[in-house]
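Chemist: got a predicted structure here, sequence first:
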Amino acid sequence: MQAYIVRRLLQAIPVIILDTFLAFALLLLLPGDPVETLIGASGGASLDPEQIAAYRRELGLDKPIPVQYVLWLGRALHGDLGRSTRTYRPVTDEIKARLPVTAQVGAAALLLSLTIAIPAGVTAAVWRNSVLDRIVTVVAVGGVAIPGFFLGVIFILLFAVKLRWLPPSGFVSLFEDPMRGVRFLALPVLVLGWESAALVTRQTRSGMLEVLAQDYVRTARAKGLREARVVWVHALRNALLAVVTVIGLLVGRLLAGSVVIETIFAIPGMGRLLVSAIGARDIATVQAVVLIIALSVVVANLITDLAYGVLDPRIRFR
């Protein structure tokens, strides 16, 4: 198992390096001059040439691009992600304040989706072609087909405006006030969780249908094992291999989806920070947020690979 973990860690290093380069490349792809944004000028013609040169030296923009990347990567490895040109605060402080918010929303949505999706997918597979299976399939297809921003607006109009059950926007940490935190998280978590649950449900159902048709499942039933043990112990573990892949991808999907959801529900997380930074051409903040999201996806995929080895020991030796 240790050799398997080391091999996967080594394979993740090139991906992480590529992610850091793509995050840095945003500096070159975004329109506008970072110097003009930092100084607050509207056009390069109104800037003093000496002032432009001084700021370029301060930002390291006077050096060749490979040197700029190496210097930026070195600072990032030491925890220095630059300074925001919008708030003039260190970007690291912005990340520390926003990341726990997005983590709470994403973790709650993932927990909700798994709690609903896996039992629903297993039940739909066991009772294939029944009324229950059709209901689960319709709900799952609806979760995949309906855009998150549209569903968020509908939920706000229904539960916040019309019924007045839940607040329409804002955020309260679960660690500060659990009861109020649940009320503020309910709508965004429902929106993110429904879409995630739909994907996991469909994959769980598909995986269970394939596994339930295997010979060892028929043998287990022939030996007199209880149906619940056959389904939830023998069949589900093998069906989870495909489900784990979807769960690993969902981490990136939840982080990407938080950009829209946090904007709709006015949640002060990473997604809303990214939208604000792009609007203000705050390149350092955009680079940092994209880097954090990319690294989160890489780590999630690495954990997924390790989970394969736990669920199926044969994978470790391939």
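Modeler: Yep, that arrived. Numbers count the residues shown, from 1 in each chain.
Chemist: so where do the helices sit in this protein?
Modeler: 2-29, 34-39, 49-59, 65-77, 91-126, 131-145, 148-155, 178-212, 215-222, 227-229, 236-264, 270-279, 283-311 (DSSP state H).
Chemist: JSON lines for these, including mean neighbour count, mean pLDDT and distance to Leu166?
Modeler: The C-beta positions use only the backbone N, C-alpha and C, and glycine is treated the same way. Output for those, formatted as JSON lines (neighbours: other Cβ atoms under 10 Å; pLDDT from 0 to 100; distance: least, Cβ to Cβ, whole Å):
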{"stretch": "helix 2-29", "mean neighbour count": "14", "mean pLDDT": "74", "distance to Leu166": "36"}
{"stretch": "helix 34-39", "mean neighbour count": "18", "mean pLDDT": "62", "distance to Leu166": "38"}
{"stretch": "helix 49-59", "mean neighbour count": "13", "mean pLDDT": "72", "distance to Leu166": "44"}
{"stretch": "helix 65-77", "mean neighbour count": "14", "mean pLDDT": "81", "distance to Leu166": "39"}
{"stretch": "helix 91-126", "mean neighbour count": "20", "mean pLDDT": "89", "distance to Leu166": "14"}
{"stretch": "helix 131-145", "mean neighbour count": "15", "mean pLDDT": "87", "distance to Leu166": "20"}
{"stretch": "helix 148-155", "mean neighbour count": "16", "mean pLDDT": "87", "distance to Leu166": "8"}
{"stretch": "helix 178-212", "mean neighbour count": "21", "mean pLDDT": "89", "distance to Leu166": "5"}
{"stretch": "helix 215-222", "mean neighbour count": "13", "mean pLDDT": "82", "distance to Leu166": "43"}
{"stretch": "helix 227-229", "mean neighbour count": "10", "mean pLDDT": "83", "distance to Leu166": "36"}
{"stretch": "helix 236-264", "mean neighbour count": "20", "mean pLDDT": "78", "distance to Leu166": "14"}
{"stretch": "helix 270-279", "mean neighbour count": "21", "mean pLDDT": "84", "distance to Leu166": "19"}
{"stretch": "helix 283-311", "mean neighbour count": "19", "mean pLDDT": "78", "distance to Leu166": "28"}
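Chemist: any chance of those in TSV, plus distance to Val161?
Modeler: Putting the helices of the chain into TSV (distance: least, Cβ to Cβ, whole Å) gives the following:
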stretch	distance to Val161
helix 2-29	38
helix 34-39	38
helix 49-59	46
helix 65-77	43
helix 91-126	21
helix 131-145	22
helix 148-155	10
helix 178-212	11
helix 215-222	49
helix 227-229	44
helix 236-264	14
helix 270-279	21
helix 283-311	31
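Chemist: if I pick Val211, what's in contact with it?
Modeler: Val217, Ala235, Leu236, Asn238, Ala239 (Cβ atoms under 8 Å, 6 or more residues apart in numbering).
Chemist: swap in 6 Å and give it another go.
Modeler: Neighbouring residues of Val211 by Cβ atoms under 6 Å, 6 or more residues apart in numbering: Ala235, Asn238, Ala239.
Chemist: for the residues you listed, which one is nearest Thr263?
Modeler: The shortest approach to Thr263 among the contacts of Val211 belongs to Ala239, at 36.0 Å (Cβ to Cβ).
Chemist: chain neighbours aside, what residue packs nearest to that closest one?
Modeler: Gly207 (3.6 Å; Cβ to Cβ, 6 or more residues apart in numbering).
Chemist: pretty sure the one you found contacts Ala242?
Modeler: Yes: the criterion here is Cβ atoms under 6 Å, and Gly207 meets it with Ala242 at 4.5 Å.
Chemist: which residue packs closest to Ala235, ignoring adjacent ones?
Modeler: Val211 (4.6 Å).
Chemist: again with Leu22
Modeler: Nearest residue to Leu22, sequence neighbours excluded (Cβ to Cβ, 6+ apart): Ala294, at 7.1 Å.
Chemist: who touches Leu185 in this structure?
Modeler: Here Leu185 is in contact with Ala108 (criterion: Cβ under 6 Å, 6+ apart).
Chemist: and it, how far from Phe175?
Modeler: 12 Å (Cβ to Cβ, to the nearest Å).
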